[in-house]
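# Here is my input, please return the structure:
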Amino acid sequence: MASSRYLLSIVAIVGLYEIISTILDFQFTSTVAHYLDGPDIGRHFATVFTLTNWVSLIVQLFLTSFVMTRFGLTAALMVLPFAIVMGSSAFLLFPALWVGSLLNTADNGFSYSINQSAKEALYVPTSAAEKYRAKAFIDMFVQRFAKALAVLVSLGITFAFRDFESLRYLGVITLALIVVWVYAARYAGRQFKAMESSTD
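Presented below is the predicted three-dimensional model:
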């Protein structure tokens, strides 16, 4: 797998997402805890999670197939990072309750729908060995390693960003990581298209 830039681009997509998702979740939960207390926190979480689930369902039913068939896999891979860029930029400028809450929707509303479908489609033109061995390695080791790394990032964030006012600047880290993510996604999308064309 180390010799395949295509598979390494998938590793980058998976790993960077896990780290970014952890940062977004930290900003989301910290924002809610800052603005609300007591039972209001639980009610707000329930509202946000309901909204996120509805967005995920609507995107999967009406947007995923349309984007992938009309605009291609690269465009589908760009939807989630674009949504996160919009959410993180907004929170960087306006760290309000609902702006921070919508970071959860920008992440999970698109991650478990169009991004998951696009990411799985990346394995279609690979060989049988790559499809099963590399995918298993990425799903089991890379994803879990990235989650563990994300936990360390989260702990570092907890110590470095103790006051709410500085929380918004985590968006700078997120945006920097997304630049690498987008580069990897664009490369993977181009390679996917080239491999698909070669098999036609």
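
# what about the residue nearest the centre of the chain, which helix or strand?
Geometric centre of the chain, nearest residue: residue 17, 4.3 Å, by CA atoms, centre = their mean. If you go by DSSP states H and E, residue 17 is part of helix 5-35.

# quick revisit: residue contacts, the residue nearest to the centre of the chain?
80, 111, 115, 146, 181 (CB atoms under 8 Å, 6 or more residues apart in numbering). For the C-beta atoms, the positions are set from N, CA and C on the backbone; glycine is no exception.

# where in this protein is pLDDT low?
For the chain, the stretches with pLDDT under 70 are 1-2, 199-200.

# which residues of it fall in helices?
Using DSSP state H, the helices of the chain run over residues 5-35, 39-58, 64-70, 73-93, 97-110, 116-121, 128-129, 135-137, 143-160, 170-199.

# Would you pull up how far the fourth one lies from the middle of the chain?
Distance of helix 73-93 from the chain centroid (CA atoms, centre = their mean, to the nearest Å) equals 9 Å.

# returning to what we had before: show me which of the contacts of residue 17 is closest to residue 169.
Ranked by distance to residue 169 (CB to CB), those are led by residue 181 at 19.2 Å.

# doesn't residue 10 make contact with the closest one?
No: Residue 181 is not in contact with residue 10 according to CB atoms under 8 Å; the separation is 11.6 Å.

# show me the contacts for the spatially closest residue to residue 22 that is not a sequence neighbour.
Nearest residue to residue 22 in three dimensions, chain neighbours excluded: residue 150, at 3.6 Å (CB to CB, 6 or more residues apart in numbering). Going by CB under 8 Å, 6+ apart, residue 150 touches 18, 19, 21, 22.

# mind redoing it with 7 Å?
18, 19, 22 (CB atoms under 7 Å, 6 or more residues apart in numbering).

# And those, which is closest to residue 166?
residue 22 (17.3 Å).

# from what I can see the closest one touches residue 154, true?
Yes: in this structure residue 22 lies within contact range of residue 154 using CB atoms under 7 Å: 5.2 Å.

# Tell me the buried residues in stretch 31-48?
Within stretch 31-48, the residues that count as buried by 16 or more other CB atoms under 10 Å are 31, 32, 35, 44, 45, 48.

# Now the third one: closest residue in space, sequence neighbours ignored.
Using CB to CB, 6+ apart and skipping residues adjacent in sequence, the residue nearest residue 35 is residue 97, 4.3 Å away.

# same question, the last one
With CB to CB, 6+ apart as the criterion, residue 48 has its nearest non-adjacent residue at 4.8 Å, and that residue is residue 101.
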